[in-house]
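1. How does the following fold in three dimensions:
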Amino acid sequence: MTNSRLIDENNSNSLFRKLALLTVVVVYILILIGGIVRSTGSGMGCPDWPKCFGSWVPPTEISQLPPNYQEIYGAKLKGEIEFNATKTWIEYLNRLFGVFTGILIFGTLLASIPFLKKDRPVFYMSLAAFLLTGFQGWLGSKVVSAELSPFIVTLHMLLAIVIVFVLLYVTARSYSGYVDVEKVQNRGILNKWLKWTISLSLLQVVIGTQVREAMDVAITGLGNAQRDKWIDNLGIVFYIHRSFSIVIFLLHAGLLYLLTKNSQTKGLIHKLSSALLWIVFVEIITGVILAYLNVPPVAQPIHLTLAIVSVGVQFVVWLLLNAESVFKKKRVLRAENMNV
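-> Prediction:
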């Protein structure tokens, strides 16, 4: 291979890695925005889709709506028939950011085309992320048409996690061989521990969605005036979710202990595992704030996003720990490829 071809290849690899990493960050921001939509009750801020109140640019004041808008949209606005510009624009900006995210994922797919000749799974998984994002957009329209059906909302969130996992896979695979990862002994024990940690963390996320659905019922029944009574009306699912958080924290503490015990250096895997423990700790703190400070809206999206971030980092740790077998390619560092 000539030097010019090698430079071109390195540049395309570097572009893809940076774009893929940026896309993962943007997807997490989108999940955070989605949490804001949910916590502020803005999910039906735009009662139709893809337009908002029949327009591509939503209204900012009631005078821009037809005189009979309450008759047209009243049922879909969940009883909140008075126009709320703040909720409308929160939901609309969520949609716009979703479109921006889709464009980035499409860009990632285009940047992955050169990998067809050298590492096909990168292209095919990028294609999968793009197709899943299209399905996610369609599912988002069903969230609106189903008027925030709990099942559809939960499915929408779980699919977002799948898309994150696919993007994390292609990102980690593209970085494999370009970043230094410490050697870890007794990987069998660590893999078992990680699989339990990932599985139970996903279960905790699902239980969390059940808590949120119970919260919706409590909000509908009690209203904002009795916000201090929401937690008391969540039932046993809340107490399971709260107690299970201790198990999740101990699993992460155990993971960090095992990594420290079975590695001589503190490399990327150790750093990510240390970050994981802090992420879970802050996530638990936000849960405590939700439970004992009358569910402040600002804490809800942070709590959800941290949960999904932690699961994503767990997956990356597992990928890095098993890079040689999962990616099936040599992890060799080259001086000319260190421009990441």
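2. Quick check: phi and psi on Val288?
-> phi -60, psi -40 (degrees, to the nearest 10).
3. switch to numbering from 31
-> In the new numbering, first residue 31, that becomes Val318.
4. so where's the stretch 231-370 of the chain shaky on pLDDT?
-> Counting by pLDDT under 70, the stretch 231-370 of the chain contains low-confidence residues at 359-370.
5. That one: helices as residue ranges?
-> Secondary structure of the stretch 231-370 of the chain (DSSP state H, counting those that start in this stretch): helices located at 266-291, 298-322, 329-351, 353-357.
6. Which of those sits closest to Gly75?
-> Closest approach to Gly75 among the helices of the stretch 231-370 of the chain is made by helix 329-351 (15.3 Å; C-beta to C-beta). Using the backbone N, CA and C atoms, a C-beta is placed for each residue, glycine as well.
7. I'd like to check the angle between that closest one and helix 266-291, please.
-> Comparing the axes of helix 329-351 and helix 266-291 via axes from the mean of the first three to the mean of the last three C-alpha atoms, to 10 degrees yields an angle of 40 degrees.
8. What residues sit buried inside helix 329-351?
-> Residues of helix 329-351 classed as buried: 329-351 (neighbour count, 16 or more other C-beta atoms under 10 Å).
9. how far does that helix sit from the chain's center?
-> How far helix 329-351 lies from its chain's middle: 8 Å, per C-alpha atoms, centre = their mean, to the nearest Å.
10. Please name every helix or strand in contact with it.
-> Counting contacts by 3 or more C-beta pairs under 8 Å, 6 or more residues apart in numbering; DSSP states H and E, helix 329-351 packs against helix 33-69, helix 180-205, helix 217-252, helix 298-322.
11. tell me the angle of it relative to helix 298-322?
-> Using the same axes, to 10 degrees, helix 329-351 lies at 160 degrees relative to helix 298-322.
12. Kindly calculate the angle that helix 329-351 makes with helix 180-205.
-> Between helix 329-351 and helix 180-205, the angle comes out at 40 degrees (the same axes, to 10 degrees).
13. about what we covered before: I'd like the helices and strands packed on helix 329-351 as TSV, with distance to Thr163 and mean neighbour count appended.
-> Below are those laid out as TSV (distance: least, C-beta to C-beta, whole Å; neighbours: other C-beta atoms under 10 Å):
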stretch	distance to Thr163	mean neighbour count
helix 33-69	9	18
helix 180-205	6	20
helix 217-252	20	16
helix 298-322	25	17
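14. Can you check which of those helices gets nearest to Gln100?
-> helix 217-252 (19.8 Å).
15. Dump the helices of the stretch 231-370 of the chain to TSV, plus distance to Gly207.
-> Rendered in TSV, the data for these read as follows (distance: least, C-beta to C-beta, whole Å):
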stretch	distance to Gly207
helix 266-291	21
helix 298-322	13
helix 329-351	12
helix 353-357	8
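16. among those, which is nearest Thr131?
-> helix 329-351 (14.4 Å).
17. hmm, back to that, who wins for proximity to Ile92 among the helices and strands packed on helix 329-351?
-> With C-beta to C-beta as the measure, helix 33-69 is the member of these nearest Ile92 (21.2 Å).
18. There's contact between Arg257 and Val325 in this structure, I believe.
-> Yes: counting by C-beta atoms under 8 Å, Val325 is a contact partner of Arg257 at 6.5 Å.
19. Name the residue in those two with the higher neighbour count.
-> Neighbours were counted for Arg257 and for Val325 using other C-beta atoms under 10 Å; Val325 has more, 18 against 14.
20. How about the contacts made by the more buried one?
-> Val325 makes contact with Met245, Arg257, Trp260, Ile261, according to C-beta atoms under 8 Å, 6 or more residues apart in numbering.
21. Leaving out chain neighbours, which residue sits closest to the last one?
-> When the adjacent residues along the chain are set aside, Ile261 lies closest to Ala321, with 5.7 Å between them (C-beta to C-beta, 6 or more residues apart in numbering).
22. give the contact list for the one you found.
-> By C-beta under 8 Å, 6+ apart, the neighbours of Ala321 are Ile261, Phe268, Arg272.
23. try Leu146
-> Contact analysis of Leu146 by C-beta under 8 Å, 6+ apart lists Phe153.
24. Next one: Met155 from Ala202, what distance?
-> Counting by C-beta to C-beta, to the nearest Å, the separation of Met155 from Ala202 is 11 Å.
25. same thing with Phe165?
-> For Phe165, the distance to Ala202 equals 23 Å [C-beta to C-beta].
26. And for Phe145?
-> Applying C-beta to C-beta to Phe145 and Ala202 gives a distance of 14 Å.
27. Kindly report the same for Arg47.
-> 10 Å.
28. What backbone torsions are found at Val209?
-> When read as degrees, to the nearest 10, the backbone of Val209 gives phi -130, psi 150.
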